[in-house]
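Visitor: sequence? don't have it. structure:
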């Protein structure tokens, strides 16, 4: 009975990791750390080290996804390196001012302003900013899928013993 209470408590502790989908924080890294703590508390009886390796892999893929998708979208849209930096700054400021979706507005505006200042071409700036925005949205959806898979596998690994 107490094992079940601990398990349910840890599943609940995983849920705040979903905030990493919308905020620029490593949500799946948090979820992995919670899983690792569960493993230590459980003495790795229900969550084997190799299973933690699978969860770590999902967390790593998520972090790479978070970093690359917005930048790849902006690059595909034609954004300059400097503009992508402004997109990151915009994402952080937007998230702080208008959580949780202000980051998307910030990415768009950061790239847009930087491209207009650098090149003066509003159409090119809009295309680059739209690419960054689409990349960020695709990244968020992919992170959501990874987070759901992570929680599902955690539950599966633990109750399948």
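Guide: In hand now; what should we look at? All of these numbers come straight from a predicted model, not from anything done at the bench.

Visitor: quick check: residue 128 touching residue 83?
Guide: Yes: the pair residue 128 / residue 83 is scored as a contact, 6.1 Å apart, by C-beta atoms under 8 Å. For glycine as for every other residue, the C-beta is placed from the backbone atoms N, C-alpha and C.

Visitor: could I get the contacting residues of the residue nearest to residue 58 when sequence neighbours are not counted?
Guide: In this structure, residue 58 finds its nearest non-sequential neighbour in residue 150, 5.0 Å apart by C-beta to C-beta, 6 or more residues apart in numbering. Shown in contact with residue 150 (C-beta atoms under 8 Å, 6 or more residues apart in numbering): 14, 17, 28, 31, 32, 55, 58, 59, 62.

Visitor: neighbour-wise, which of residue 128 and residue 83 wins?
Guide: Ranked by neighbour count (other C-beta atoms under 10 Å), residue 128 and residue 83 place residue 128 first, with 30 against 27.

Visitor: tell me how far that one lies from residue 15.
Guide: Per C-beta to C-beta, to the nearest Å, residue 128 is found 35 Å from residue 15.

Visitor: quick one, longest helix in the protein?
Guide: The longest helix of the chain (DSSP state H) is helix 122-159.

Visitor: sorry, back to before: of the contacts of residue 150, closest to residue 91?
Guide: Nearest to residue 91 among those is residue 62, at 16.6 Å by C-beta to C-beta.
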